[in-house]
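In: here are the coordinates; sequence isn't available:
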């Protein structure tokens with residue numbers, strides 16, 4: 001491998017669970033591997049030599065259970081009896097419950113883990129989560145605003161983001177001249193195009209989000225507030241991935257085009273923590289970081 005590929009997109013980080021090796025979805029090579037894993041992502045671990053260990057002190061008793069908690073979160077994302085948006089909402093429901101546990105003692109974590117395993121296959125809960133309504137207009141509004149932000153702040157990928165934005169925009173005459181708005185019917189037509197992409201299975205977006213969750217060490221357990229912030233990050237990223245993938249079909253429907261779009265989104269959001277945090281904080285300021293609003297983002 002050339003030197004740059006020995007560094008990027010690889011990431012080595014110490015979590016409270018282990019020294020973890022992961023790949024960023026900001027690389028076409030990583031996306032190609034995710035595409036070629038119809039059975040899903042496998043994880044494995046092996047003992048770390050004592051000399052390579054890095055002792056990290058958890059900030060609270062719940063954080064000390066990071067390995068088990070994150071493992072359940074991955075199980076939720078890979079639960080294929082439910083569609084991926086339902087899995088993301090189930091994850092949000094569980095993380096809401098985790099926030100309510102006793103973070104001073106961590107005594108409720110065992111019960112939370114046990115409940116989580118049961119709820120993975122709870123059809124009644126699945127039906128309730130389906131009732132959380134989507135709102136196509138709000139979904140498009142949120143993601144088009146992000147695209148405008150990227151157009152204004154980016155230089156290298158500005159032309160691509162402008163192309164994605166223009167693919168679903170139309171101009172409506174007004175008394176002052178004209179105003180830009182999104183074309184919902186155009187977006188829905190492009191959605192059908194994406195569904196027809198040869199070789200694309202729902203497992204690809206599952207793998208993409210499992211990969212992203214592992215890469216970002218979701219959920220953050222420094223505090224109950226951080227748990228939800230990391231969840232909002234994950235839902236917002238999924239929403240933008242889906243939105244951009246659909247818009248990208250206006251120019252071309254191909255695996256290469258899809259990869260280019262997803263790589264650009266990852267490099268602009270996932271690899272820019274300051275921008276990612278700012279966009280997340282805007283949701284909190286606008287009271288749009290609730291589970292109901294996450295349902296709008298993931299249902300698309």
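Out: Received the coordinates, thanks. Worth saying up front: this structure is predicted, and the values here are computed from it rather than measured.

In: Residue 255 - how many residues pack around it?
Out: Other residues within reach of residue 255, judged by other C-beta atoms under 10 Å, total 16. The C-beta positions use only the backbone N, C-alpha and C, and glycine is treated the same way.

In: where's it relative to residue 31, distance?
Out: 9 Å (C-beta to C-beta, to the nearest Å).

In: residues contacting the residue nearest to residue 202 when sequence neighbours are not counted?
Out: Using C-beta to C-beta, 6 or more residues apart in numbering and skipping the chain neighbours, the partner closest in space to residue 202 is residue 84 (6.2 Å). Residue 84 makes contact with 77, 202, 205, 206, 209, 238, 298, according to C-beta atoms under 8 Å, 6 or more residues apart in numbering.

In: tell me the phi and psi of residue 84?
Out: phi -60, psi -40 (degrees, to the nearest 10).

In: circling back: just the buried residues out of the contacts of residue 84, in PyMOL syntax.
Out: To isolate the buried subset of the contacts of residue 84 in PyMOL, counting by 16 or more other C-beta atoms under 10 Å, use the following:
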select buried, resi 77+205+206+209+238+298
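
In: Check the contacts of residue 84 against residue 161 and report the nearest one.
Out: residue 238 (18.1 Å; C-beta to C-beta).

In: Contact partners for that closest one?
Out: Going by C-beta under 8 Å, 6+ apart, residue 238 touches 84, 88, 205, 209, 297, 298.

In: Switch those residues over to TSV; also include pLDDT and distance to residue 151.
Out: TSV is the format used below for those (pLDDT from 0 to 100; distance: C-beta to C-beta, whole Å):
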residue	pLDDT	distance to residue 151
84	95	28
88	96	27
205	97	24
209	98	25
297	96	20
298	96	24
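
In: Give the single residue among these positioned nearest to residue 17.
Out: Of all the contacts of residue 238, residue 17 sits closest to residue 209, with 19.1 Å by C-beta to C-beta.

In: State the next helix or strand along the chain beyond the helix or strand harbouring the closest one.
Out: Using DSSP states H and E, residue 209 sits within helix 202-215. Counting by DSSP H and E, the next helix or strand C-terminal to helix 202-215 is helix 224-247.

In: Show me what the next helix or strand after that following helix is packed against.
Out: The helix or strand immediately downstream of helix 224-247 is helix 255-265, counting by DSSP H and E. Applying 3 or more C-beta pairs under 8 Å, 6 or more residues apart in numbering; DSSP states H and E, one finds that helix 255-265 contacts helix 28-35, helix 158-166, helix 224-247.

In: what do you get if the cut-off is 6 Å, keeping everything else the same?
Out: Secondary-structure packing of helix 255-265 (3 or more C-beta pairs under 6 Å, 6 or more residues apart in numbering; DSSP states H and E): helix 28-35, helix 224-247.

In: from the ones you listed, which stretch is densest packed?
Out: helix 224-247 (a mean of 22; mean count of other C-beta atoms under 10 Å).

In: How far does that one sit from its chain's centre?
Out: Here the centre of helix 224-247 is set off from its chain's centre by 4 Å, with C-alpha atoms, centre = their mean, to the nearest Å.

In: With stretch 90-110 instead?
Out: 21 Å.

In: One more: stretch 171-179?
Out: Centre-to-centre, stretch 171-179 and its host chain are 35 Å apart (C-alpha atoms, centre = their mean).

In: can you check stretch 192-212 too?
Out: How far stretch 192-212 lies from its chain's middle: 13 Å, per C-alpha atoms, centre = their mean.
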